[in-house]
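>>> below is the sequence, then the predicted model.
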Amino acid sequence: MIELLGEMLSYHFMSRAIIVGVLVSLCAALLGVSLVLKRFSMIGDGLSHVGFGALAIAAAVNVAPLALAVPIVIAAAFLLLRISQSSRIKGDAAIALISSSALAIGVTVVSMTTGMNTDVSNYMFGSILSLSEADAVLSIALSCIVLLLFVLLYPRIFAVTFDETFAMATGTSAQRYNTVIAVLTAVTVVLGMRMMGALLISSLIIFPALTSMRLCRSFKAVVLCSAIVSVVCFVVGMTLSYVLELPSGASVVIVNILVFLVFSLIGAIKNH
Amino acid sequence: MAQITCKNLSFAYDGQTVLSDISFSIDAGAYLCIVGENGSGKSTLMKGLLGLKSPASGTIELGDGLKHTEIGYLPQQTQIQRDFPASVYEVVLSGRLNSMGGRLFYNTEDKKAAMENMERLGIEDIKDKCYMELSGGQQQRVLLARAMCATKKLLLLDEPVTGLDPVATNEMYNLIKLINLCDNTSVIMISHDIHEAVRYATHILHLGNRQLFFGTTAQYRESDLARRFVGGGRA
Ligand SMILES: Nc1ncnc2c1ncn2[C@@H]1O[C@H](COP(=O)(O)OP(=O)(O)OP(=O)(O)O)[C@@H](O)[C@H]1O
Ligand SMILES: [Mg+2]
């Protein structure tokens, strides 16, 4: 295993992909805890579809994919948060509408311009080869910012996640921290999409949190456990994809599923 | 100066007035019980006092140096998820958030306050347990400890004894009275138990979509309203 990792890391594109992937997995896992507990997991899914649309448009008009996708997806995050909080519109239905619309626009733009080439398939299912040097630097910088903000705002994120009403009643602006969480999620989704694919990135957000919740009984434990689970699953998944020549996103998700099943089993035995 | 002064308050949902003509004030150290039937607007008024719902008309003034970040609150119902992983300690500590100002992390003083409040409510031995795996009474104590962490001045409690057995109910009432007397913390409590309300409170506010009565407990006992509402009971 160690030898194998050494061999993988000797390829420059591979070591680059793994560094970016580990950072993005960390971001996704941390934010995922809050999103899953707030019943906002659908937002992650919605954002990834908007991200696909944005990347397709970026490819069509020939601008740097991240530079276009990051602002569009952040704007979508604001919108989705608004929708899921307003009681007048059915939140989940509206999110489903937006995400399928974005997907449809993306597919249309693609077929009108470049056609269904490997680029598009990469956006859908992810590829480590799609990451350029400039993308990698930007991804590393952005994910470090996301991690730093999460750590610095940890007490507030806990309070707003656990009991929004109490937080607001005692003078903490829940709206502000919800927005922070949504924006950080938007950035993470865009960064992770290149590697995991639009269709699979939301599992990177949801799985580690759900897995940890099988066993952990405090928020801090869930956060730490998710971070570890997420990074380990990513590295193992990438190794599998390298050895068996599988798509990287799918292998990472498969490893996540296996770990989830193991944790569920242990949880069930412990509670018995 | 009074700690809270309400003048001609009214509240509406979607243009429909549910509560009107509320005018009262309380001083530091008071123990006000809000009573009234289901749907009479008690929780709505409390949300108004907390700034969660803005009044349709009228004013709420905080005096006596009371700030909005110095109020503790125990909600009637929490929308906390059933499977939320949070330890008792984490929940209680989160009550200190409003006193942090611009500080990012809890300091030793915050942690000490959380421990003290858990000891007062007798929950320090379950501090590492998961909040969701506690009994209803234990959960209520945890939420009260959190509310106490958030304030030394004013506690707002919305039906704090719902779901508690008679023994736990009694303990809860005694605890609240103790906090009120020892720390001179004002208490505003919504209660359906009128007998207990007149036993512990210094003031009573009786609502029925408008203000039916406000005054001291002694005055309330003498009123026709109390005679009708309390009936021939112990009060
Ligand atoms: N979110 C809301 N939207 C619309 N109407 C509401 C809302 N909350 C409360 N109401 C209405 O306002 C009125 C007062 O409600 P409130 O919750 O203040 O009553 P309450 O006195 O606390 O009752 P209970 O004893 O049942 O807790 C009720 O008629 C209720 O239907
Ligand atoms: Mg109520």
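Now that the structure is in, tell me what you want to look at. Numbering: from 1, shown residues only, chains lettered A, B, ... in the order given. Ligands and ions are numbered 1, 2, ... in the order given.
>>> would you map the strands across chain A?
With strands called from DSSP state E, chain A shows none.
>>> which other helices and strands contact the lowest-mean-pLDDT helix or strand in it?
In chain A, no helix or strand scores lower on mean pLDDT, DSSP states H and E than helix A:118-125, which sits at a mean of 73. Using 3 or more C-beta pairs under 8 Å, 6 or more residues apart in numbering or on different chains; DSSP states H and E, the elements in contact with helix A:118-125 are helix A:41-61, helix A:174-196. In short, each C-beta sits where N, CA and C put it, glycine included.
>>> ligand 1: which of those helices is closest?
helix A:174-196 (16.7 Å; C-beta to the nearest ligand atom).
>>> could you list the buried residues of the closest one?
A:174, A:177-178, A:180-196 (16 or more other C-beta atoms under 10 Å in any protein chain shown).
>>> and for stretch B:17-31?
B:18-20, B:22, B:24-26, B:28, B:30-31.
>>> picking that back up, just the buried residues of helix A:174-196 that are near ligand 1?
Applying C-beta under 6 Å from any ligand atom to those, one finds that nothing falls near ligand 1.
>>> end to end, how far does stretch B:145-162 reach?
End-to-end distance of stretch B:145-162 (C-alpha to C-alpha, to the nearest Å): 16 Å.
>>> how many neighbours does B:L74 have?
When counting by other C-beta atoms under 10 Å in any protein chain shown, one arrives at 25 neighbours for B:L74.
>>> pLDDT at A:R88, what is it?
Note on A:R88: pLDDT of 62.
>>> is chain A within reach of the helix or strand where B:T59 lies?
For B:T59, the host element (DSSP states H and E) is strand B:57-62. No: applying C-beta under 8 Å from any C-beta of the partner chain, one finds strand B:57-62 out of contact with chain A, separated by at least 11.8 Å.
>>> that strand: partners in the sheet, and parallel or antiparallel?
Strand pairing for strand B:57-62, determined by DSSP bridges: strand B:4-13 (antiparallel).
>>> where along chain B do the strands fall?
B:4-13, B:16-26, B:31-35, B:57-62, B:71-74, B:154-158, B:186-190, B:203-207, B:211-216.
>>> let me have the ones you listed in JSON lines, extended by mean pLDDT.
What follows is the strands of chain B, written out as JSON lines (pLDDT from 0 to 100):
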{"stretch": "strand B:4-13", "mean pLDDT": "93"}
{"stretch": "strand B:16-26", "mean pLDDT": "92"}
{"stretch": "strand B:31-35", "mean pLDDT": "94"}
{"stretch": "strand B:57-62", "mean pLDDT": "91"}
{"stretch": "strand B:71-74", "mean pLDDT": "91"}
{"stretch": "strand B:154-158", "mean pLDDT": "93"}
{"stretch": "strand B:186-190", "mean pLDDT": "95"}
{"stretch": "strand B:203-207", "mean pLDDT": "93"}
{"stretch": "strand B:211-216", "mean pLDDT": "91"}
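>>> mind putting those into a markdown table with distance to B:N98?
Formatted as a markdown table, the strands of chain B follow (distance: least, C-beta to C-beta, whole Å):
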| stretch | distance to B:N98 |
| --- | --- |
| strand B:4-13 | 17 |
| strand B:16-26 | 21 |
| strand B:31-35 | 22 |
| strand B:57-62 | 14 |
| strand B:71-74 | 8 |
| strand B:154-158 | 12 |
| strand B:186-190 | 17 |
| strand B:203-207 | 25 |
| strand B:211-216 | 28 |
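>>> quick check: angle from the least confident helix or strand of chain A to helix A:41-61?
170 degrees (axes from the mean of the first three to the mean of the last three C-alpha atoms, to 10 degrees).
>>> identify the residues contacting helix A:118-125?
A:52, A:55-56, A:59, A:106, A:110, A:114, A:129-130, A:193-194, A:197-200, A:247, A:249-250 (C-beta atoms under 8 Å, 6 or more residues apart in numbering or on different chains).
>>> export that helix to PDB, keeping only CA atoms.
The C-alpha trace of helix A:118-125 is given here as PDB (Å, rounded to 0.1, in the frame of the first residue of the first chain):
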ATOM      1  CA  THR A 118     -14.900  13.900 -23.000                       C
ATOM      2  CA  ASP A 119     -14.900  17.300 -21.300                       C
ATOM      3  CA  VAL A 120     -18.600  17.100 -20.600                       C
ATOM      4  CA  SER A 121     -18.300  13.500 -19.400                       C
ATOM      5  CA  ASN A 122     -15.600  14.700 -17.100                       C
ATOM      6  CA  TYR A 123     -17.900  17.300 -15.600                       C
ATOM      7  CA  MET A 124     -20.500  14.700 -15.100                       C
ATOM      8  CA  PHE A 125     -18.400  12.000 -13.600                       C
END
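>>> what angle sits between it and helix A:174-196?
Using the same axes, to 10 degrees: helix A:118-125 against helix A:174-196 is 130 degrees.
>>> hmm, back to that, could I get the buried residue list for the strand holding B:T59?
B:58, B:60, B:62.
>>> how about those in TSV, adding distance to ligand 1?
Converted to TSV, the buried residues of strand B:57-62 look like this (distance: C-beta to the nearest ligand atom, whole Å):
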residue	distance to ligand 1
B:G58	16
B:I60	16
B:L62	21
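>>> of all residues in chain B, which one is closest to ligand 2?
Closest to ligand 2 within chain B is B:S43: 3.1 Å, counting by C-beta to the ion.
>>> A:A67 and A:M14: what is the separation?
Counting by C-beta to C-beta, to the nearest Å, the gap between A:A67 and A:M14 amounts to 25 Å.
>>> the more surrounded of these two?
A:M14 (17 against 12).
>>> not counting residues beside it along the chain, what's closest to the more buried one?
Counting by C-beta to C-beta, 6 or more residues apart in numbering or on different chains, A:M8 is the residue found nearest to A:M14 once chain neighbours are left out, at 4.9 Å.
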